[in-house]
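Undergrad: Build me a structure from this.
(one chain, ligands or ions: 2)
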Amino acid sequence: MGGTFDPIHHGHLVAASEVAVLFGLDEVVFVPTGQPWQKSDRDVAPAEDRYLMTVIATASNPRFSVSRVDVDRGGPTYTIDTLSDLQRQRPDDELFFITGADALSQILSWRDSDRCFELAHFIGVTRPGFDLGASHLPEGAVSLVEVPALAISSSDCRDRVGRGMPVWYLVPDGVVQYIEKRGLYRSGADARALAREGIAPRRVPGDDPPSGDRPTYDRPPATAPRTEGTPPEPPTTDLQEVPR
Ligand SMILES: Nc1ncnc2c1ncn2[C@@H]1O[C@H](COP(=O)(O)OP(=O)(O)OP(=O)(O)O)[C@@H](O)[C@H]1O
Ligand SMILES: O=C(O)c1ccc[n+]([C@@H]2O[C@H](COP(=O)([O-])O)[C@@H](O)[C@H]2O)c1
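TA: Ligands and ions are numbered 1, 2, ... in the order given. Model prediction:
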């Protein structure tokens, strides 16, 4: 499943799980984009952060895995390269490329879209508010799957974090905590102030974790939150120990 996953949310996970059952897939490989060239009009969180959030979100499902092919390749991400790399790594596997109906409706504008259809069967998952009816997709190359409607989007999650609203239950718990820890999606001024003070982001009222086992956020972070114009810090060691 290809996506920018900025951040990954339950809409992505439900779609992947539904397609895996309907198509009898052995594994769903989540492939976070490196540089999503069609999203160059906005800031995208560092690829390493999006990759780690995807690892955290999928860790508990033995049929889900995460690939670094797009993150490690560098340069703009084209699905033709994603599929070529995956085919090289898994020459005996039949590939399906899962993505949303909104992305699929643009597929004819993707690089080498004709060759993409030769490398994988495309599965478009329906998404509330998007209709593929008018798209002229090659016959037989694409399947459409209706997934339980979850009106969740990454844009809305980012916007909520920026406004100090909770994203519990929209994204997996570990992803909420990762966003908090890294200070992702805060407004520029907020993030700069946090970096100046050298303290971890503060919890906002109403932004409580769902269980009694609450993490503490007021200890200094292992790395300073990212500010505009500075490169992302490497992930901290406790995140690298997430069980696989
Ligand atoms: N709630 C959802 N239901 C079904 N498909 C979804 C849902 N959210 C995202 N998708 C699909 O998953 C793919 C990857 O999504 P992406 O990472 O771009 O998330 P997004 O929520 O669409 O992000 P943004 O709001 O930033 O555009 C896209 O093709 C998208 O259509
Ligand atoms: O190959 C392309 O030219 C291309 C253009 C836009 C999007 N894609 C892929 O479509 C998937 C969904 O993208 P997005 O931007 O909706 O997260 C993701 O895997 C992207 O790499 C691919």
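
Undergrad: In this structure, what residue lies closest to ligand 2?
TA: Nearest to ligand 2, among the residues of the chain, is Gly2, at 2.1 Å (C-beta to the nearest ligand atom). Bear in mind the C-beta positions are built from the backbone N, C-alpha and C, glycine included.

Undergrad: what's the neighbour count on Glu18?
TA: When counting by other C-beta atoms under 10 Å, one arrives at 16 neighbours for Glu18.

Undergrad: Run through this structure and note the low-pLDDT ranges.
TA: Applying pLDDT under 70 to the chain flags the ranges 128-135, 188-244.

Undergrad: Val142: what's its closest spatial neighbour, skipping adjacent residues?
TA: Leaving aside its chain neighbours, Val142 sits nearest to Phe122 (4.5 Å; criterion: C-beta to C-beta, 6 or more residues apart in numbering).

Undergrad: my read: the one you found touches Leu104, true?
TA: Yes: contact criterion C-beta atoms under 8 Å: Phe122 and Leu104 qualify, at 6.5 Å.

Undergrad: Quick check: neighbours shared by those two?
TA: Residues touching both Phe122 and Leu104 (C-beta atoms under 8 Å, 6 or more residues apart in numbering) are Leu137, Val142.

Undergrad: Report the buried residues of the longest helix along the chain.
TA: As assigned by DSSP state H, the longest helix anywhere in the chain is helix 10-23. Residues of helix 10-23 classed as buried: Gly11, His12, Leu13, Val14, Ala15, Ala16, Ser17, Glu18, Val19, Ala20 (neighbour count, 16 or more other C-beta atoms under 10 Å).

Undergrad: And for stretch 90-110?
TA: Across stretch 90-110, burial judged by 16+ other C-beta under 10 Å covers Phe96, Phe97, Ile98, Thr99, Gly100, Ala101, Asp102, Ala103, Leu104, Ser105, Ile107, Trp110.

Undergrad: That one spans what distance, first to last residue?
TA: Chord length of stretch 90-110, first to last residue, is 23 Å (C-alpha to C-alpha, to the nearest Å).

Undergrad: quick one: contacts for the residue of the chain found nearest ligand 1?
TA: In the chain, no residue comes nearer to ligand 1 than Gly100, which is 1.6 Å away by C-beta to the nearest ligand atom. By C-beta under 8 Å, 6+ apart, the contact set of Gly100 is Gly3, Ala15, Gly124, Val125, Arg127, Phe130.

Undergrad: for ligand 1, what are the nearby residues on the protein?
TA: 3-6, 11-12, 15, 99-100, 102-103, 125, 127, 147, 150, 152-155 (C-beta under 6 Å from any ligand atom).

Undergrad: follow-up on the earlier one: please report the distance of the residue of the chain closest to ligand 1 from Val147.
TA: 9 Å (C-beta to C-beta, to the nearest Å).

Undergrad: where exactly do the helices run in the chain?
TA: Here the chain has its helices, by DSSP H, at 10-23, 47-58, 69-73, 79-89, 101-104, 113-119, 154-162, 173-182, 188-197, 237-240.

Undergrad: Just name the most buried of those.
TA: Across the helices of the chain, averaging neighbours per residue (mean count of other C-beta atoms under 10 Å) puts helix 47-58 on top, at a mean of 23.

Undergrad: Any residue of that one touching ligand 2?
TA: No: judged by C-beta under 6 Å from any ligand atom, helix 47-58 makes no contact with ligand 2; its nearest approach is 10.0 Å.

Undergrad: The chain should start at 23 in everything you say after this.
TA: That works, and once the first residue is 23, the last one we named lands at helix 69-80.

Undergrad: C-alpha coordinates for that helix, PDB please?
TA: Presented in PDB, the C-alpha positions along helix 69-80 are these (Å, rounded to 0.1, in the frame of the first residue of the first chain):
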ATOM      1  CA  ALA A  69      10.400  10.700   5.500                       C
ATOM      2  CA  GLU A  70      12.100   9.000   8.500                       C
ATOM      3  CA  ASP A  71       9.300  10.200  10.800                       C
ATOM      4  CA  ARG A  72       6.600   9.000   8.500                       C
ATOM      5  CA  TYR A  73       8.400   5.700   8.100                       C
ATOM      6  CA  LEU A  74       8.700   5.200  11.900                       C
ATOM      7  CA  MET A  75       5.000   6.100  12.500                       C
ATOM      8  CA  THR A  76       4.100   3.500   9.900                       C
ATOM      9  CA  VAL A  77       6.300   0.900  11.600                       C
ATOM     10  CA  ILE A  78       4.600   1.700  15.000                       C
ATOM     11  CA  ALA A  79       1.100   1.600  13.500                       C
ATOM     12  CA  THR A  80       1.600  -1.700  11.800                       C
END
